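Q: Provide a 3D model corresponding to the input given below.
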Amino acid sequence: MDGIVTLAAVALMIGLPLFALGGRGRSRPRVKVGPSNSGQLGMALLRLIGRAIKALFYTLPIYSILYWYVSLPIIGIALIGWFIYWLAT
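A: Numbering: from 1, shown residues only. Okay, here's the model as predicted:
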């Protein structure tokens, strides 16, 4: 159960910037995964993270409300639950 909550919190933290990216009509880079361009995959992921950070600043009022009142409490609860589970086992 705690693992599901932690995964949900991490997915929310990753999904919110991507949702902000999608809301501004930006396209995500399409990368073919293969042995020849595995380095390009890393660069595309870094570019995606950079775009997510940029989108965070473009949609700061909406994102900050979601971040402070939705994401952080979920992550806090997940971390506390994981710590209690770790102490119990």
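Q: contacts only, for G50.
A: The contact partners of G50, by CB atoms under 8 Å, 6 or more residues apart in numbering, come to none. Using the backbone N, CA and C atoms, a C-beta is placed for each residue, glycine as well.
Q: that one sits in which helix or strand?
A: Per DSSP states H and E, G50 falls inside helix 38-58.
Q: same question for I80.
A: Using DSSP H and E, I80 sits in helix 72-88.
Q: check which helices and strands that helix sits against.
A: Packing partners of helix 72-88 (3 or more CB pairs under 8 Å, 6 or more residues apart in numbering; DSSP states H and E): helix 2-23.
Q: tell me the buried residues in the helix holding I80?
A: Residues of helix 72-88 classed as buried by neighbour count (16 or more other CB atoms under 10 Å): I74, I75, A78.
Q: next, the buried residues of stretch 45-58.
A: Within stretch 45-58, the residues scored as buried using 16+ other CB under 10 Å are L48, R51, A52, A55, L56.
Q: touching, W82 and T6? I think so.
A: Yes. Counting by CB atoms under 8 Å, W82 touches T6, with 6.0 Å between them.
Q: now T89: how far from W82?
A: 11 Å (CB to CB, to the nearest Å).
Q: kindly apply the preceding question to A52 instead.
A: In terms of CB to CB, A52 sits 25 Å off from W82.
Q: can you check I53 too?
A: In terms of CB to CB, I53 sits 26 Å off from W82.
Q: go on, G3?
A: Distance, G3 to W82, by CB to CB: 8 Å.
Q: same question for G76.
A: Computed as CB to CB, the G76 to W82 distance reads 11 Å.
Q: cool, I4 as well?
A: 11 Å.
Q: do the same with L45
A: From L45 over to W82 the distance is 26 Å, taken as CB to CB.
Q: residue ranges with poor pLDDT in the protein?
A: Filtered on pLDDT under 70, the chain yields the residue ranges 1-2, 5, 7-42, 56-68.
Q: one more pass at 80, please.
A: Residues of the chain meeting the criterion pLDDT under 80: 1-46, 49-50, 52-75, 89.
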